[in-house]
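Student: Structure of the sequence below:
(one chain, ligands or ions: 1)
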Amino acid sequence: MDDARKAELAGYSEKIGGDHLVPLWDRLKSLVTQEPKSPCQPHLWHYEDVRPVLMEAGSLLTAKEAERRVLILENPGMPGESKITTSLYAGIQLIMPGEIAPAHRHSQAAFRFIIEGNGSYTAVDGEKSYMSKGDLILTPSGRWHDHGNESDEPTFWLDGLDIPMVQFLDASFMEQHSEDEHPHTKKDGDSLARYGSGMMPLNFEPVSNTSPVIKYPYDRTRDNLKTMRDAGNPDPCHAYKLQYVNPVDGGSAMPTMGAFMQLLPAGFETSSYRSTDATIYSVVEGTGRTKVGDKEFTWGPNDIFVIPSWHHHQHCAEGECVLFSYSDRPVQQALGLWRENRGNR
Ligand code: GTQ
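Tutor: Numbers count the residues shown, from 1 in each chain. Model (predicted):
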């Protein structure tokens with residue numbers, strides 16, 4: 001195209017811009033890309049860097065003042081957007097001994113993945129779930145939840161929420177409870193006993209599309225991974241990997257976020273893998289490395305890293321490793337959009 005025609009087309013685009021009209025031919029290539037082109041960047045946060053600054057916040061303001069004392073893990077490719085991937089949020093929350101983070105409820109679904117501390121709890125509609133390292137606690141959309149620390153140590157956990165998805169859909173509602181705590185009416189483990197042991201109460205009618213199990217304890221998950229490891233036959237891309245499921249239908253435990261736990265045997269190197277669901281990893285046990293594109297992350301316990309959509313990556317475990325991860329996979333699968341490549345294809 002010669003310069004005169006380029007100028008003519010640019011003049012046309014500028015002229016109609018004032019009427020809130022845009023020529024598609026200026027935009028098509030960036031709107032409909034040949035493959036995912038994400039602003040999300042691979043990034044690693046070392047827990048030993050995050051912990052002290054969060055402890056500093058612990059003496060700056062109370063959990064009640066902050067409502068939630070959290071440092072957002074913001075992707076360096078999307079500054080100011082409070083996102084770790086284009087669709088998901090991650091934060092590290094701290095609750096000090098004796099504190100209560102007051103009860104509220106919101107459209108956004110959340111989970112807590114416990115990093116450090118014993119004896120704090122999250123209560124969901126009055127079911128109190130005590131926290132230990134590696135436990136997964138769900139706070140489904142629209143349910144009252146408060147957090148408290150009854151121990152004499154600080155407690156830290158990873159908050160995973162679908163905030164960017166709810167923002168995208170303009171569907172956010174939130175309410176504060178009139179009291180700091182919603183009445184605690186159910187004991188720790190109540191929902192696990194009722195719904196999470198391979199049996200279900202007769203005539204159970206689910207009230208939502210989120211798993212009725214509130215807490216998935218790490219000791220059980222860990223034992224299951226160990227049994228699988230002992231049986232052998234690891235998957236080349238994932239070694240031994242389990243998904244947290246909703247026992248009602250066997251699908252993802254949460255409709256908007258898929259959550260996973262995997263064990264990599266000592267020395268295991270995964271085959272190159274990529275999928276369209278950008279994935280956030282939280283290291284539970286062990287040290288290792290992850291290659292993603294031209295970057296390599298060296299990680300240890302409690303470190304958190306993010307792999308963007310459609311980026312080839314490989315994990316290499318030094319000793320035996322356990323990795324928690326989450327992504328928007330159930331949404332992509334429900335919409336028929338999810339893809340993966342196993343190996344270097
Ligand atoms: O604990 O309810 O990290 O509402 C962000 C928003 C935690 C929570 C976050 C929230 C919460």
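
Student: Any residues of this structure in contact with the ligand? List them.
Tutor: Of all the residues in the chain, those in contact range of the ligand (C-beta under 6 Å from any ligand atom) are Arg68, Val70, Gly91, Gln93, His106, Ala110, His145, Asp159, Leu161. C-beta: built from backbone N, CA, C; applies to glycine.

Student: The stretch 1-150 of the chain: strands as residue ranges?
Tutor: 43-45, 70-72, 89-95, 100-106, 110-116, 120-124, 127-130, 136-139, 145-149 (DSSP state E, counting those that start in this stretch).

Student: Can you name every helix or strand that the fourth one contacts?
Tutor: Yep, that's strand 100-106 we're talking about. Judged by 3 or more C-beta pairs under 8 Å, 6 or more residues apart in numbering; DSSP states H and E, strand 100-106 is in contact with helix 63-66, strand 145-149, strand 174-176.

Student: low-confidence ranges in this protein?
Tutor: Within the chain, the stretches with pLDDT under 70 are 345.

Student: switch to 80 and redo it
Tutor: Counting by pLDDT under 80, the chain shows low-confidence ranges at 344-345.

Student: Look at Met174 and say how many residues are nearby.
Tutor: The local packing count at Met174 equals 10, with neighbours defined by other C-beta atoms under 10 Å.

Student: swap in the one 3 residues further on?
Tutor: Per other C-beta under 10 Å, the neighbour tally for His177 reads 15.

Student: how about the nearest residue to it, chain neighbours excluded?
Tutor: On the basis of C-beta to C-beta, 6 or more residues apart in numbering, the spatially nearest residue to His177 that is not a chain neighbour turns out to be Ala103, at 3.6 Å.

Student: just checking, that neighbour touches Glu175?
Tutor: No - using C-beta atoms under 8 Å, Ala103 is not in contact with Glu175; the gap is 9.5 Å.

Student: quick one: which of the two has more around it?
Tutor: It is Ala103, of Ala103 and Glu175, that has more neighbours when counted by other C-beta under 10 Å, with 21 against 11.

Student: how about that one, what does it touch?
Tutor: By C-beta atoms under 8 Å, 6 or more residues apart in numbering, the contact set of Ala103 is Ala123, Trp144, His145, Asp146, Gln176, His177, Glu179, Asp180, Glu181, His182.

Student: rerun at 7 Å
Tutor: Neighbouring residues of Ala103 by C-beta atoms under 7 Å, 6 or more residues apart in numbering: Trp144, His145, Asp146, His177, Glu179, Asp180, Glu181, His182.

Student: Can you tell me which of those residues are buried?
Tutor: Buried residues within the contacts of Ala103, counting neighbours by 16 or more other C-beta atoms under 10 Å: Trp144, His145, Asp146, Glu181, His182.

Student: Return the member of these nearest to the ligand.
Tutor: Distance ranking of those against the ligand, using C-beta to the nearest ligand atom, places His145 first at 6.0 Å.

Student: What are the neighbouring residues in contact with that closest one?
Tutor: When contacts are counted by C-beta under 7 Å, 6+ apart, His145 touches Ala103, Arg105, Thr122, Ala123, Val124, Thr139.

Student: Specify the beta-bridge partners of it.
Tutor: Taking DSSP bridges as the rule, His145 bridges to His104, Val124.

Student: Just put the helices and strands packed on strand 100-106 in a markdown table and tack on distance to Trp45.
Tutor: As requested, the helices and strands packed on strand 100-106 are arranged in a markdown table below (distance: least, C-beta to C-beta, whole Å):
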| stretch | distance to Trp45 |
| --- | --- |
| helix 63-66 | 20 |
| strand 145-149 | 21 |
| strand 174-176 | 27 |
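
Student: that older thread, using a markdown table, please lay out the contacts of His145 together with distance to Gly232.
Tutor: As requested, the contacts of His145 are exported to a markdown table (distance: C-beta to C-beta, whole Å):
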| residue | distance to Gly232 |
| --- | --- |
| Ala103 | 47 |
| Arg105 | 45 |
| Thr122 | 36 |
| Ala123 | 41 |
| Val124 | 38 |
| Thr139 | 37 |
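
Student: so which pair among the buried ones among the contacts of Ala103 is furthest apart in space?
Tutor: Distances among those were taken as C-beta to C-beta; the most separated pair is His145 and Glu181, at 10.2 Å.

Student: Nearest residue to Leu136 in space, ignoring adjacent ones along the chain?
Tutor: Nearest residue to Leu136, sequence neighbours excluded (C-beta to C-beta, 6+ apart): Tyr216, at 4.4 Å.

Student: Which part of the stretch 151-300 of the chain gets nearest to the ligand, residue-wise?
Tutor: Asp159 (3.4 Å).
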